[in-house]
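Peer 1: Fold the following.
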Amino acid sequence: MTVRAVVWDVDDTLFDYTSADREGMRAHLAAEGLLGGYDTPEEALGRWRETTDRQWARFSAGEISFEGQRRDRVRVFLGQELTDAEADAWFRRYITHYEAAWSLFPDVLPALDALAASHRHAVLSNSSLTVQEHKLRTLGLRDRFESVLCAAELGVSKPQAGAFLAACEALGLPPAQVAYVGDHPEVDGRGAAEAGLVSVWIDRGGPYAQGPDAVVAHRISTLAELPAIVRSDTRFGAPSTFR
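Peer 2: Alright, predicted model coming up:
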């Protein structure tokens, strides 16, 4: 079956979140006078990432709101009982440094340009619409996508099938005619595949190791490989690249 649309993850797929988070937090901790509490900046950054992953997992499981996971990231990281207003203020100061480090991966615009005339495009992210709309506009990408769907508003997050199917519904297409591109082999790769989409894992050499049971339809190391995949025949019986 022909792929007619591509749905994209944002963070660490289109946008270099890992680098921006690292550089932004380094600058923020220096400005807050907090780096001295750690043996190395990398130790502080590792604690921030661990705290982020833990609180994000709570949000993805529906245990906490999007705003709540941000506040608890700050409280746990600092080890302080802060009011919502205090935690929000600390996080806003971090965001200033984080946004200053935003950038796209160099393969993003060439891939979007190559598929602009042949495929429709949308975004599905485990974030909030306010955050990702702002990010896409700042990076000059928002007009590339028909729709932007986010877990905070959908009430369901990846890897649950409902999140992927909501993106297909927004496009008015069956899952088999939609490709999903994301950086996480389980949340994006397995989730999209099990929801019936053509699943593409962009492996940028990040922190996610492919486990022995990871299921992805296609594994690529650069978005330059994407056009050939979504333009190929994906009907049953076509060559499979499942691992």
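
Peer 1: Give me the contacts around stretch 167-175.
Peer 2: 4-5, 7, 120, 122, 124, 146-147, 149, 164-165, 178, 180, 195-197 (Cβ atoms under 8 Å, 6 or more residues apart in numbering). Where C-beta positions appear, they are placed from N, C-alpha and C, glycine not excepted.

Peer 1: looking at the residues you listed, which has the most residues close by?
Peer 2: Most neighbours among the contacts of stretch 167-175, by other Cβ atoms under 10 Å: residue 124, with 31 neighbours.

Peer 1: my read is that one is in a strand, agree?
Peer 2: Yes - assigned with DSSP: H, G, I helix; E, B strand; the rest coil, residue 124 falls within a strand.

Peer 1: hmm, back to that, tell me which two of the contacts of stretch 167-175 sit farthest apart.
Peer 2: Based on Cβ to Cβ, the longest span within those runs between 146 and 196 and measures 19.9 Å.

Peer 1: buried sites along stretch 119-138?
Peer 2: Judged by neighbour count using 16 or more other Cβ atoms under 10 Å, the buried positions of stretch 119-138 are 119-129, 131-133, 135-136.

Peer 1: Looking at those residues, which is nearest residue 32?
Peer 2: Using Cβ to Cβ, these come closest to residue 32 at residue 131, 21.8 Å.

Peer 1: List the contacts of the closest one.
Peer 2: Neighbouring residues of residue 131 by Cβ under 8 Å, 6+ apart: residue 150.

Peer 1: Please report how far it lies from residue 51.
Peer 2: Distance, residue 131 to residue 51, using Cβ to Cβ, to the nearest Å: 18 Å.

Peer 1: Can I get the helix of greatest length in the chain in PDB, CA atoms only?
Peer 2: Looking across the chain with DSSP state H, the single longest helix is helix 41-60. The C-alpha coordinates for helix 41-60 follow below in PDB (Å, rounded to 0.1, in the frame of the first residue of the first chain):
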ATOM      1  CA  PRO A  41      29.200  19.500  35.200                       C
ATOM      2  CA  GLU A  42      28.400  16.100  33.600                       C
ATOM      3  CA  GLU A  43      27.300  14.700  37.000                       C
ATOM      4  CA  ALA A  44      24.800  17.600  37.400                       C
ATOM      5  CA  LEU A  45      23.600  17.000  33.800                       C
ATOM      6  CA  GLY A  46      23.200  13.300  34.400                       C
ATOM      7  CA  ARG A  47      21.100  13.900  37.500                       C
ATOM      8  CA  TRP A  48      18.900  16.300  35.600                       C
ATOM      9  CA  ARG A  49      18.400  13.800  32.800                       C
ATOM     10  CA  GLU A  50      17.600  11.000  35.200                       C
ATOM     11  CA  THR A  51      15.100  13.200  37.000                       C
ATOM     12  CA  THR A  52      13.600  14.200  33.700                       C
ATOM     13  CA  ASP A  53      13.200  10.600  32.500                       C
ATOM     14  CA  ARG A  54      11.600   9.600  35.800                       C
ATOM     15  CA  GLN A  55       9.000  12.400  35.900                       C
ATOM     16  CA  TRP A  56       8.300  12.100  32.200                       C
ATOM     17  CA  ALA A  57       7.500   8.400  32.700                       C
ATOM     18  CA  ARG A  58       4.900   9.400  35.400                       C
ATOM     19  CA  PHE A  59       3.400  11.900  32.900                       C
ATOM     20  CA  SER A  60       3.300   9.300  30.100                       C
END
